[in-house]
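Asker: Using only what follows, build the 3D model:
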Amino acid sequence: MMRFVLCVLSLFAFVAPVGARDFVKKSATQSVSLPEPDKAQLIFLRPSSLFGGMYTMLSEVTPDGDRFISAIGGKDKVVYSTAPGRKMFVSNDGMRVHFMDADLEAGRRYYVLVRPMYGNGYQLRPIRRDGVSDYSMDNPDFINWVRQSRRVEALGSEPPMPARALPQLAKARELGWASWLAKTPAEHAELTLERADAVDR
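Answerer: As a prediction, this is how the structure comes out:
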């Protein structure tokens, strides 16, 4: 565990001159409009303050490479619109990488929990429309995750990382992809956002 913490601190030493406040900017509006009719809307929530000052990079995986969405820190939320259909998303903090599959419907809203895993990065966990698990909208804490998070957005179209940190991000992604491929069908299903998870709120 100590080795992991030292590695993470080493990565963030790369970006120390930038400053945590410069990973994202507070959105001009904190309200979230309804999804566009021809787009699916994802709301990434990171309600935990564990390692709150450490950021992970959110991206959509595309045939042309990862499309950067935004960094996300503790108590933040990120709103993202994309074309419907089969999708994949990735969280990369420079040391650990987690993937999530998705099957998205146009004009609908979906929620994703960016979940700190102690010593293992930030998992992208689909929030189910209903159910008894902690990762569903039936969880009494869900409404506070939404209300008490600060909406942020990216500063630009590229991750706010200096060039010398990019090889470390690429290596982490390679290892994370190997871990994703090794998962069982049941584990993949657990980490797939389904059309049935969509809501209108």
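Asker: So residue 177: helix, strand or coil?
Answerer: Under DSSP: H, G, I helix; E, B strand; the rest coil, residue 177 falls in the helix class.
Asker: Looks like it contacts residue 97 (just checking).
Answerer: Yes. Under the criterion of Cβ atoms under 8 Å, residue 177 makes contact with residue 97 at 7.3 Å. In short, each C-beta sits where N, CA and C put it, glycine included.
Asker: Name the residue in these two with the higher neighbour count.
Answerer: Shown here are residue 177 and residue 97; by other Cβ atoms under 10 Å, residue 97 has more neighbours (24 against 14).
Asker: Mind jotting down where the strands sit in this protein?
Answerer: Ranges of strands in the chain, per DSSP state E, are 24-26, 40-46, 56-62, 65-72, 76-82, 85-92, 97-104, 109-116, 122-126, 150-154, 192-193.
Asker: So which elements touch the shortest one?
Answerer: Strand 192-193 is packed against strand 97-104, with contacts defined by 3 or more Cβ pairs under 8 Å, 6 or more residues apart in numbering; DSSP states H and E.
Asker: what about this structure, any weak spots by pLDDT?
Answerer: 1-21, 51-52, 201 (pLDDT under 70).
Asker: 50 instead?
Answerer: Applying pLDDT under 50 to the chain flags residues 1-21.
Asker: quick one on the thing from earlier: out of the strands of the chain, which is closest to residue 183?
Answerer: strand 97-104 (9.0 Å; Cβ to Cβ).
Asker: elements contacting the closest one?
Answerer: Applying 3+ Cβ pairs under 8 Å, 6+ apart, one finds that strand 97-104 makes contact with strand 40-46, strand 85-92, strand 109-116, strand 122-126, helix 166-181, strand 192-193.
Asker: Could you single out the most deeply buried of the ones you listed?
Answerer: strand 40-46 (a mean of 24; mean count of other Cβ atoms under 10 Å).
Asker: Identify the bridge partners of residue 128.
Answerer: Here residue 128 sits in beta bridges with residue 136, as judged by DSSP bridges.
Asker: how close does residue 169 sit to residue 148?
Answerer: From residue 169 across to residue 148, the span is 30 Å (Cβ to Cβ, to the nearest Å).
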